[in-house]
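> dropping a prediction and its sequence here:
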Amino acid sequence: MRIVQITYRYRLEPGSGQTAVLARSAGARRWVWNWALSRKRAYYTLTGKGLTYHALAAALTELKQQPATAWLRDIDSQLLQQALRDLETAFGNFFAKRARFPRFRSIKRDTPRFRIPQRVAIAGQTIRVPKIGLIPARIHRPLAGTPKSATFKREADGHWYVAIVAEQEVSAHTNRTPRTHVGVDLGLKSFAVLSTGETVDNPRVFRTQQRKLARAGRAMSRKQRGSANRAKARAQVARLHAKIRQQRSDFLHKLTSRLVKSFDLISIEDLSVRGLARTKLAKSVYDAAWGQFRTFLTYKADRVDGYVQVIGRFYPSSRRCGACGAANHALTLADRVWMCAQCGSTHDRDVNAAGNIDREGVRLFMHHVAAGHAETQNACRASVSPANAGKAR
Ligand SMILES: [Zn+2]
């Protein structure tokens, strides 16, 4: 057996009193962050040394005894300690040159959020939170496994959400040989075409939401900066984004679950920089969907001991004839159907591309196995196979 982590996201429906407590918890988190950051800076200026997490945690405990900061006692202590840990991580990222120097969090710019390790659980249609109690929530899918940490966040749409990371036990990797495989060609006209010939249509929401987003964006830009109407329009845009995100997730969860159930080895193209979409808006919609598709697919395949093979982005999946391998350099985006000049086969553009992706994926996968990489690939398959498949080419 091995352990995998899965994130579940639920929308909270707090009562008015609970909304205030959530906001206060986020405020406490921000307060501790800023307090610790200024302590660290002052200490460094004085001594040239860093102030450790343990020193800060001890100082935080002392603060709770002082009248002016006794209010900290009303907040879950692990929530406050988590803020210190998050700051440590931020400094770690800074020193590793992955991020800029940690900044003070302003009440205006900071997204209200806080994290509680362990102890957050689902109870019926509510979330049980230490020091806050039972918060009603939309539990649209049951949480499987053991909750490990919960991040509470008030999104731009004004609603509170919780993302719970749960650990699940699944059967160990077996290094099995995939028996079924498929290539997936992602696109704009339809969301995906499979090498089996199946077409997966874009959910209609992608288009209608794009239209609505464009309209809402225009409406917002007409309102005067800083005005109440502008704020209202901005909230409208944020609500639309939240709705799109939710419908996109639903669609992608269903699709990836089905693929992973049906195929042992799924090959996809690395689309990270492929500029397919014409407008900026469409680009943001599709980029988000493709990225999430890959994320869902990878972790779900890993869970059931399946494989995802990512093809490097320079592989000419569309231009190559699936029957004889000849390249068709004259192929344009407008050609939906084409005939190979070499062997005379007629191809549906997307099905042919998906078939090529499938074949290339199988080839790369067998290449890894033959080179004795199957074990390393298994050890951290989720991260190794997509990233390195692209780089290896
Ligand atoms: Zn041909």
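Good, I have the coordinates.
> which residues does residue 353 contact?
Contacts of residue 353 were listed using C-beta atoms under 8 Å, 6 or more residues apart in numbering, and they are 183, 185, 193, 317-318. Just so you know, the C-beta spots here come from the backbone N, C-alpha and C atoms, and that holds for glycine as well.
> what do you get if the cut-off is 7 Å, keeping everything else the same?
By C-beta atoms under 7 Å, 6 or more residues apart in numbering, the contact list for residue 353 reads 185, 317-318.
> that one belongs to a strand?
No: under DSSP: H, G, I helix; E, B strand; the rest coil, residue 353 sits outside any strand and is assigned helix.
> would you map the helices across the stretch 251-393 of the chain?
280-303, 349-370, 374-379, 381-392 (DSSP state H, counting those that start in this stretch).
> show me what from the stretch 201-350 of the chain comes close to the ion.
Proximity of the stretch 201-350 of the chain to the ion, by C-beta under 5 Å from the ion, involves residues 321, 323-324, 326, 340, 342-343, 345.
> please redo it, this time with the cut-off set to 8 Å
Within the stretch 201-350 of the chain, the positions near the ion by C-beta under 8 Å from the ion are 321-326, 340-345.
> mind checking which of the residues you listed are buried?
Buried residues within those, defined by neighbour count using 16 or more other C-beta atoms under 10 Å: 321-322, 340.
> show residues contacting stretch 31-49.
Counting by C-beta under 7 Å, 6+ apart, stretch 31-49 makes contact with 50-51, 56, 59-60, 80, 83-84, 87, 102, 104-105, all of which sit outside it.
> of those, which one scores lowest on pLDDT?
Lowest pLDDT among the contacts of stretch 31-49: residue 50, with 87.
> that one in helix, strand or coil?
Going by three-state DSSP: residue 50 is coil.
> for residue 149, what is the enclosing helix or strand?
strand 146-154 (DSSP states H and E).
> for stretch 245-260, buried residues please.
245, 248, 251-252, 255-256, 259-260.
> so which residues on the stretch 1-150 of the chain come close to the ion?
By C-beta under 8 Å from the ion, no part of the stretch 1-150 of the chain sits against the ion.
> now the helices for the stretch 1-150 of the chain?
Here the stretch 1-150 of the chain has its helices, by DSSP H, counting those that start in this stretch, at 16-47, 53-63, 77-95.
> okay if I get those helices as CSV plus mean neighbour count?
Listed next are those as CSV, based on neighbours: other C-beta atoms under 10 Å:
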stretch, mean neighbour count
helix 16-47, 16
helix 53-63, 14
helix 77-95, 17
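> how about CSV for those helices, with distance to residue 173 added?
What follows is those, written out as CSV (distance: least, C-beta to C-beta, whole Å):
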stretch, distance to residue 173
helix 16-47, 38
helix 53-63, 35
helix 77-95, 29
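> name the nearest residue to the spatially most central residue of the chain, ignoring sequence neighbours.
By C-alpha atoms, centre = their mean, the mean C-alpha position of the chain lies nearest to residue 292, the distance being 6.0 Å. Once flanking residues are discounted, residue 292 sits nearest to residue 252: 5.4 Å by C-beta to C-beta, 6 or more residues apart in numbering.
> can you pull the contacts of the one you found?
By C-beta under 7 Å, 6+ apart, residue 252 lies in contact with 289, 292-293, 296.
> ok, so of those, who is nearest the ion?
The ion lies nearest to residue 293 out of those, by C-beta to the ion, at 29.7 Å.
> skipping its backbone neighbours, what lies nearest the closest one in space?
Nearest to residue 293 is residue 252, by C-beta to C-beta, 6+ apart, at 5.4 Å.
> tally of neighbours for residue 149?
Using other C-beta atoms under 10 Å, the number of residues around residue 149 comes to 18.
> same check on residue 296?
Counted with other C-beta under 10 Å, the neighbours of residue 296 add up to 19.
> contacting residues for it?
Counted by C-beta under 7 Å, 6+ apart, residue 296 has contacts 252-253, 256.
> show me which of those residues is closest to residue 150.
Checking these against residue 150 by C-beta to C-beta gives residue 253 as the nearest, at 20.2 Å.
> contacting residues for residue 81?
By C-beta under 7 Å, 6+ apart, the neighbours of residue 81 are residue 57.
> mind doing that once more with 10 Å?
The neighbours of residue 81, taking C-beta atoms under 10 Å, 6 or more residues apart in numbering as the test, are 32, 53, 56-57, 60-61, 117.
> which one among those residues gets closest to the ion?
Using C-beta to the ion, residue 117 comes nearest to the ion of these, at 57.7 Å.
> my guess is that closest one contacts residue 83. True?
No: with contacts counted by C-beta atoms under 10 Å, residue 117 stays clear of residue 83, the gap being 11.5 Å.
> hmm, residue 72 is touching residue 60, no?
Yes: using C-beta under 10 Å, residue 72 is in contact with residue 60, at 7.5 Å.
> list residues touching both of those two?
Listed as contacting both residue 72 and residue 60 by C-beta under 10 Å, 6+ apart are 32, 35, 80.
> closest to residue 240 out of those?
residue 32 (33.8 Å).
> state the pLDDT value of the closest one.
pLDDT at residue 32 comes out at 97.
> numbering from 41 from now on, please.
New numbering, starting at 41: the last item is residue 72.
> please report the distance of the closest residue to the ion within the stretch 191-340 of the chain from residue 47.
Residue nearest to the ion within the stretch 191-340 of the chain: residue 235 (16.4 Å; C-beta to the ion). Noted for residue 235: a distance of 30 Å to residue 47, by C-beta to C-beta, to the nearest Å.
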